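> Sequence below, structure please.
(one chain, ligands or ions: 2)
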Amino acid sequence: MKKAAKKDFISIIDATRSLPSLLNSAARLKKELKQGKGHLNIRPLKHKQIAMIFEKSSTRTRVSFEVAIHHLGADALYLNPGDLQLGRGETLSDTGRVLSKYVNGIVYRAYDNRMMKELASVSSIPVINALDDVEHPCQALADLLTIKEIFGKLRGLRLTYVGDGNNVCNSLMLASALTGMHFAAATPKGREPPHRLSEYAASIATGTGSRIEIVNDPKAAANKANILYTDVWVSMGQEAQKEEREKLFVPYQLNKQLLGLADRKAIVMHCLPAHRGLEITDDVIDGDQSVVFEQAENRLHTEKAVLLWQIGH
Ligand code: CP
Ligand code: NVA
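Numbers count the residues shown, from 1 in each chain. Ligands and ions are numbered 1, 2, ... in the order given. This is a model prediction of the structure:
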């Protein structure tokens with residue numbers, strides 16, 4: 001019998017056909033865990049090993065994946081690139097081929113999306129993107145779950161992202177297009193999401209009945225939004241541009257004034273970590289409309305759904 005092709009999760013687009021089942025699976029796993037019967041009885045990934053290579057810092061992604069792997073009965077091997085021969089010049093390509101002989105999947109946080117794709121192309125096991133410079137698909141999946149739990153639907157909602165057109169913004173834009181949410185990104189000139197991705201999202205959106213708008217005016221974009229979303233102004237790897245970025249993005253702060261323009265029942269989202277007083281104010285992130293910790297919690301449940309989808313067969 002022909003072996004089924006391995007699945008990777010490099011872009012949220014890779015989950016296009018699986019999105020409804022991933023969200024249902026995450027919701028079910030969450031419910032079971034809350035009822036205390038989730039991980040205790042069933043260990044569907046027993047005897048599987050998952051390598052985790054993180055080139056950059058992480059709290060949520062690392063911990064939620066490690067706990068998810070443990071709950072599913074598998075073992076997590078956290079590999080610091082500096083401790084691997086990778087740190088002494090062994091190629092990523094050889095590393096991927098070798099790891100494929102030992103483990104059943106790789107969770108990889110990379111600086112460069114080209115490295116992510118290279119690892120996936122050389123590995124015979126699934127590679128999961130734990131963030132790179134182009135996308136953060138695992139975050140987008142948890143965000144979709146959070147939004148669906150609150151509004152009971154995704155299609156037709158208006159999601160406005162303010163700030164940097166970065167990895168988190170890109171995955172959210174594509175996820176919105178896939179699920180029929182109207183998406184607007186308000187960024188400074190020159191910090192828009194890459195044109196090829198917004199064009200791609202717009203082409204998907206024509207099929208799902210949503211709109212993709214890339215604008216420079218945060219107030220117009222926030223008007224009547226159901227969801228206001230922001231992320232850091234200085235992503236990991238951009239530290240050299242800190243001073244310049246912290247000036248450029250000031251008009252894009254998610255504060256009470258901006259929130260006042262959104263729908264009365266709008267929710268506030270942030271993937272975290274937040275830089276309070278910069279991209280978001282304390283009163284907004286700690287306010288009644290904020291769901292940032294629900295988002296963080298949902299990372300655990302959606303990571304589990306991703307692991308089962310990719311490795312649980
Ligand atoms: N949101 C997110 O991915 O957080 P970490 O960088 O802490 O993993
Ligand atoms: N855009 C941020 C997201 C962190 C979760 C970064 O890449 O640093």
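
> you'd agree R211 is up against A205?
Yes: using CB atoms under 8 Å, R211 is in contact with A205, at 6.3 Å. To be clear about C-beta, it is placed using only N, CA and C from the backbone, and glycine gets the same treatment.

> For T16, the count of nearby residues, please.
T16 has 13 neighbours, counted by other CB atoms under 10 Å.

> distance of A120 from ligand 2?
With distances taken as CB to the nearest ligand atom, to the nearest Å, A120 is found 19 Å from ligand 2.

> actually L178, not the one I typed
From L178 to ligand 2 the distance is 20 Å (CB to the nearest ligand atom).

> and that residue, what are its phi and psi?
With angles defined as degrees, to the nearest 10, L178 sits at phi -70, psi -30.

> neighbour count winner among R211 and A205?
A205 (23 against 14).

> Show the pLDDT at the more buried one.
Listed pLDDT for A205 reads 98.

> and it, how far is that from S176?
Noted for A205: a distance of 8 Å to S176, by CB to CB, to the nearest Å.

> Now the common contact residues for these two.
F183, I212 (CB atoms under 8 Å, 6 or more residues apart in numbering).

> so what's the residue nearest to D231 when sequence neighbours are not counted up against?
Nearest residue to D231, sequence neighbours excluded (CB to CB, 6 or more residues apart in numbering): V168, at 4.5 Å. By CB under 8 Å, 6+ apart, the contact set of V168 is H136, Q139, A140, D231, C271.

> so can I have CSV of the residues you listed showing pLDDT?
Conversion of those to CSV gives the following (pLDDT from 0 to 100):
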residue, pLDDT
H136, 98
Q139, 99
A140, 99
D231, 98
C271, 98
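
> Mark which of the residues you listed are buried, thanks.
Listed as buried from the contacts of V168 are H136, Q139, A140, D231, C271; burial here means 16 or more other CB atoms under 10 Å.

> Same list, these, but only the ones touching ligand 2.
Restricting these to those within reach of ligand 2 (CB under 6 Å from any ligand atom) leaves D231, C271.

> For the buried ones among the contacts of V168, work out which two are farthest apart.
A140 and D231 (11.7 Å; CB to CB).

> Up against ligand 2, what does the chain have?
So far as CB under 6 Å from any ligand atom goes, the chain lies against ligand 2 at L131, N166, N167, V168, D231, V232, S235, M236, C271.

> Look at the third one and report its pLDDT.
pLDDT for N167: 98.

> Please name the residues that touch the residue nearest to it when sequence neighbours are not counted.
Closest residue in space to N167, ignoring its immediate chain neighbours: H136 at 4.7 Å, by CB to CB, 6+ apart. Contact analysis of H136 by CB under 8 Å, 6+ apart lists N129, N167, V168, N170, S171, C271.

> quick one, phi psi at the first one?
Reported as degrees, to the nearest 10, the phi and psi values for N129 are phi -80, psi 110.

> ok, back up a step: element containing the residue nearest to D231?
Using DSSP states H and E, V168 sits within helix 167-179.

> Which of the residues of the chain next to ligand 2 sits closest to ligand 1?
Of all those, ligand 1 sits closest to C271, with 4.0 Å by CB to the nearest ligand atom.

> Can you give me the separation between the closest one and N170?
C271 sits 12 Å away from N170, taking CB to CB as the criterion.

> do the same with L300
L300 is 23 Å from N170, by CB to CB.

> Neighbour count: these two, which is higher?
More crowded of L300 and N170, by other CB under 10 Å: N170, with 27 against 20.

> E135 is in contact with the more buried one, correct?
Yes: counting by CB under 8 Å, E135 is a contact partner of N170 at 5.4 Å.

> what does the stretch 101-250 of the chain have sitting close to ligand 1?
Residues of the stretch 101-250 of the chain lying near ligand 1 (CB under 6 Å from any ligand atom): L131, Q139.

> at 5 Å instead, please
In this structure, the stretch 101-250 of the chain does not approach ligand 1 anywhere, judged by CB under 5 Å from any ligand atom.

> For the contacts of V168, please prepare JSON lines with the additional fields secondary structure.
JSON lines is the format used below for those (DSSP: H, G, I helix; E, B strand; the rest coil):
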{"residue": "H136", "secondary structure": "coil"}
{"residue": "Q139", "secondary structure": "helix"}
{"residue": "A140", "secondary structure": "helix"}
{"residue": "D231", "secondary structure": "coil"}
{"residue": "C271", "secondary structure": "coil"}
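
> how about the helices in the stretch 51-200 of the chain?
60-71, 92-102, 113-122, 137-151, 167-179, 195-208 (DSSP state H, counting those that start in this stretch).

> would you list every one of the strands in this structure?
49-54, 75-79, 105-109, 127-129, 158-162, 182-186, 212-215, 227-230, 267-270 (DSSP state E).
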